[in-house]
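**Q** Here is my input; please provide its structure:
(2 chains)
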Amino acid sequence: DTGVSQDPRHKITKRGQNVTFRCDPISEHNRLYWYRQTLGQGPEFLTYFQNEAQLEKSRLLSDRFSAERPKGSFSTLEIQRTEQGDSAMYLCASSLSGRKYEQYFGPGTRLTVT
Amino acid sequence: GQQLNQSPQSMFIQEGEDVSMNCTSSSIFNTWLWYKQDPGEGPVLLIALYKAGELTSNGRLTAQFGITRKDSFLNISASIPSDVGIYFCAGNPNSGGSNYKLTFGKGTLLTVNP
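**A** Below you'll find the predicted structure:
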């Protein structure tokens, strides 16, 4: 399977702990996106990379959130000092340069903060 | 920011029936996409639309980019049980530039009774 993969699929953590999620995009895709989805809502944009450059960040991405894509391949999303409000599905997507709006999503990481 | 309104919020239909759902925006969008999401999984891209008036099919699914560029429609013909899921519209208002983030609606939950 050569789709977008995310790890872990589920994460339960206690409030105040740090968590890190990984996303591996489709191999030839140079654009990578992070979205957050809460129950009953559609995905909401968090941040976007073109190769290794982080080009845009949403206001939803507080100072406790940081994302990296060090070699333009996989990406990590870290949340520091987690809060209960961070509980959500974190989705990663990737796209090709020529078809930038056609974003292909991974299965997501379900975060539960207790 | 832009908001997308999807209707209906949910639908309960019998297997074999046709389904129609739509998505409207308060502002003009230059790209419309339709995704399907199963529980616990990421959204799967169904159809992408790039031109006003465009009508595109993918098997039993047909989507249209509204003439006003403020709406889009998705039709599913001869529904089957595996059509069950949440259908999201998504769009981007930009015709160029570097903003590739998608804005999503809240989804239409489709239930198909066999």
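**Q** Quick one: residues contacting B:Leu110.
**A** Going by Cβ atoms under 8 Å, 6 or more residues apart in numbering or on different chains, B:Leu110 touches B:Ser10, B:Met11, B:Ile13, B:Val19, B:Met21, B:Ile76, B:Ser79, B:Asp83, B:Val84, B:Gly85, B:Ile86, B:Tyr87. No exception for glycine: its C-beta is placed from N, CA and C like everyone else's.
**Q** if you set the cut-off to 7 Å instead, what comes out?
**A** B:Met11, B:Val19, B:Asp83, B:Val84, B:Gly85, B:Tyr87 (Cβ atoms under 7 Å, 6 or more residues apart in numbering or on different chains).
**Q** Reformat those residues as TSV; add secondary structure, neighbour count and pLDDT.
**A** Shown next, in TSV, are the contacts of B:Leu110 (DSSP: H, G, I helix; E, B strand; the rest coil; neighbours: other Cβ atoms under 10 Å in any protein chain shown; pLDDT from 0 to 100):
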residue	secondary structure	neighbour count	pLDDT
B:Met11	strand	18	96
B:Val19	strand	20	97
B:Asp83	helix	18	97
B:Val84	coil	17	97
B:Gly85	strand	20	97
B:Tyr87	strand	24	98
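**Q** Which one of these is nearest to chain A?
**A** B:Tyr87 (10.4 Å; Cβ to the nearest Cβ).
**Q** and the closest one, what are its bridge partners?
**A** With DSSP bridges applied, B:Tyr87 shows beta-bridge pairing to B:Lys36, B:Thr108.
**Q** List the contacts of it.
**A** By Cβ under 7 Å, 6+ apart, the neighbours of B:Tyr87 are B:Met21, B:Trp34, B:Lys36, B:Leu74, B:Gly107, B:Thr108, B:Leu110.
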